[in-house]
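S.K.: give me a model of this one.
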Amino acid sequence: MRTASGPTLAEIQAARQRVRGLARETPVYSSETLGRRSGRQVFLKAENLQRTGSFKIRGAVNKLATMTDEERAAGVVTASAGNHGQAVALAAREAGVAATVFMPLDAPMAKVDATRSYGAEVLLSGEGFDEAQGAAHEREAAGATFIHAFEDEAVVAGQGTLGLELADQLGDVETLVVPIGGGGLASGIALALRELRPEMHLVGVQAASCAPFAGLEPSGITIADGIAVKQPGELTKSILEDRLDAIVTVTDAEIADAIVLLLERVKLVVEGAGAASVAALLTGKIEGRGPVCALLSGGNIDASMLVEVTRHGLTRASRFLVLRTRISDRPGALAALLARIAERRVNVVSVDHQREGMDLPVTGTAVELTLATRDEEHCDELLGFLAESGYEAERVR
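M.R.: Numbering: from 1, shown residues only. Now for the predicted structure:
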């Protein structure tokens, strides 16, 4: 029976037929590393390997397939932090429809360039998704059909095809963890799985600095830009309030740790939004001890952001040590310090001299070193060795 709370299972199944051919059926992997760290069996739904790098292609294709000829002729317009824009651009190109995508001024260039490469006109406007959406609605008033990223039943039905795949792919999984931005993905999946796998525990994850579904006020920017939506939709809110078992939040530092771990140990490149599910799992925020599946919703991370996140994550894991010490400002003093460091099998990443703005003797200089270390024990060992060697070293991070 038709309800006021979103598409039916039959509509989601019909959407699955429409998206076949353009959207891939993405794999589910098990991870011994994540299982060991979380204390339970872990599976990963690798939607980061999807066309356009995220799940969004599913909803975009289904929406365009359900539009009238008149609506297609007028073109489409949308607002996006990046992933939805890419999906609309590709789906519109395949359907022969003109597309305009409004994106925030600081949207990752990888997402901006990819959206343009699919043939859409990209216009940058506003500080975030909500501001870009306001600009897109102005273009809608000129006659184009607006494709909302999540407040649209056809889009939700398209995202729900992921739920159908998971029902087929997952065996005896106790819990599914899904990132939440505007709620379209989680809504579609929840609608499908509540029908097909009602026993499964469904948990949503939001970035702590932008978590309206968790009842928190926005408190700043986040590396999980794909789920940084300040105003959830009424449609998705009503669906998730009825069908989710819990919502948790994760910090940017926790997300960064998850990105680095997925990159280094699982060999998957995942963006901030996509890694939120794993971050929640690794920090013990997902209840239960049975098998769990974390949805990796996207992999579109900008290369420069990936470098920053990797360095941050390695520092938190004591794989990078930054320290400051003082030496004589004479030839050979720095070489002597580096020779002592090399004795402890530590590689030097960078060296910075600091002579100004510090309380130093006329013949002295401060040196800040970034070092590649193995773990926290290795860091402590080096600091102790330097102290024994006459260097007063201050750990910066």
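
S.K.: mind listing what's buried in the helix or strand bottoming out on mean pLDDT in the chain?
M.R.: Every helix and strand of the chain was ranked by mean pLDDT, DSSP states H and E. The lowest is helix 129-140, at a mean of 83. Using 16 or more other Cβ atoms under 10 Å as the test for burial, helix 129-140 gives F129, E131, A132, Q133, A135, A136, R139, E140. No exception for glycine: its C-beta is placed from N, CA and C like everyone else's.

S.K.: next secondary structure after that helix?
M.R.: From helix 129-140 onward toward the C-terminus, using DSSP states H and E, the following helix or strand is strand 145-146.

S.K.: OK, contacts around R37?
M.R.: Going by Cβ atoms under 8 Å, 6 or more residues apart in numbering, R37 touches L261, L282.

S.K.: ok, it to G299 distance?
M.R.: R37 sits 21 Å away from G299, going by Cβ to Cβ, to the nearest Å.

S.K.: V292 too?
M.R.: With Cβ to Cβ as the criterion, V292 and G299 are 20 Å apart.

S.K.: same question for G85.
M.R.: Distance, G85 to G299, using Cβ to Cβ: 15 Å.

S.K.: out of the two, which sits in the busier spot?
M.R.: Legend: neighbour count by other Cβ atoms under 10 Å for G85 and G299, higher for G85 (33 against 22).

S.K.: assign that one to helix, strand or coil.
M.R.: Here G85 is recorded as helix under DSSP: H, G, I helix; E, B strand; the rest coil.

S.K.: cool, and A110?
M.R.: Using three-state DSSP, the structure places A110 in helix.

S.K.: and the closest residue in space to Q41 that isn't next to it in sequence, backbone torsions?
M.R.: The spatially closest residue to Q41, leaving aside those adjacent along the chain, is P291, at 4.2 Å (Cβ to Cβ, 6 or more residues apart in numbering). Here is the backbone geometry of P291 (degrees, to the nearest 10): phi -60, psi 140.

S.K.: P291 contacts D172, doesn't it?
M.R.: Yes. When contacts are counted by Cβ atoms under 8 Å, P291 is listed as touching D172 (6.2 Å).

S.K.: all helices for the stretch 51-200 of the chain, in order.
M.R.: Under the criterion DSSP state H, counting those that start in this stretch, helices of the stretch 51-200 of the chain are mapped to 56-65, 69-73, 83-95, 109-117, 129-140, 153-169, 184-196.

S.K.: packing partners of the fourth one?
M.R.: Going back to what we said before, that points to helix 109-117. With contacts taken as 3 or more Cβ pairs under 8 Å, 6 or more residues apart in numbering; DSSP states H and E, helix 109-117 sits against helix 83-95, strand 99-103, strand 121-124.

S.K.: 7 Å instead, please
M.R.: Counting contacts by 3 or more Cβ pairs under 7 Å, 6 or more residues apart in numbering; DSSP states H and E, helix 109-117 packs against helix 83-95, strand 121-124.

S.K.: between the longest one and helix 153-169, how many degrees?
M.R.: Following axes from the mean of the first three to the mean of the last three Cα atoms, to 10 degrees, one obtains 100 degrees for the angle between helix 83-95 and helix 153-169.

S.K.: run through the protein and note the low-pLDDT ranges.
M.R.: 1-5, 355-363 (pLDDT under 70).

S.K.: buried ones in stretch 268-284?
M.R.: For stretch 268-284, a neighbour-count test (16+ other Cβ under 10 Å) marks 268-283 as buried.

S.K.: farthest-apart pair in the residues you listed, please.
M.R.: The largest distance within those, taken as Cβ to Cβ, falls between V269 and T283 and amounts to 21.1 Å.

S.K.: so what's E71 up against?
M.R.: Shown in contact with E71 (Cβ atoms under 7 Å, 6 or more residues apart in numbering): T145.

S.K.: from I147, how far off is it?
M.R.: For E71, the distance to I147 (Cβ to Cβ) stands at 10 Å.

S.K.: do L22 as well
M.R.: Distance check for L22 against I147: by Cβ to Cβ, it reads 15 Å.

S.K.: which one of those two has more residues nearby?
M.R.: In this view L22 and I147 are compared by other Cβ under 10 Å, and I147 has more residues nearby, 28 against 19.

S.K.: out of the helices and strands packed on helix 109-117, which is closest to A211?
M.R.: With Cβ to Cβ as the measure, helix 83-95 is the member of those nearest A211 (18.7 Å).

S.K.: can you pull the buried residues of the closest one?
M.R.: Neighbour-count burial for helix 83-95 [16+ other Cβ under 10 Å]: N83, H84, G85, Q86, A87, V88, A89, L90, A91, A92, E94, A95.

S.K.: which among these gets closest to N62?
M.R.: Checking the buried residues of helix 83-95 one by one against N62 (Cβ to Cβ), the nearest turns out to be A91, at 8.7 Å.

S.K.: identify the residues contacting that closest one.
M.R.: Counted by Cβ under 7 Å, 6+ apart, A91 has contacts I57, A60, V61, L64.
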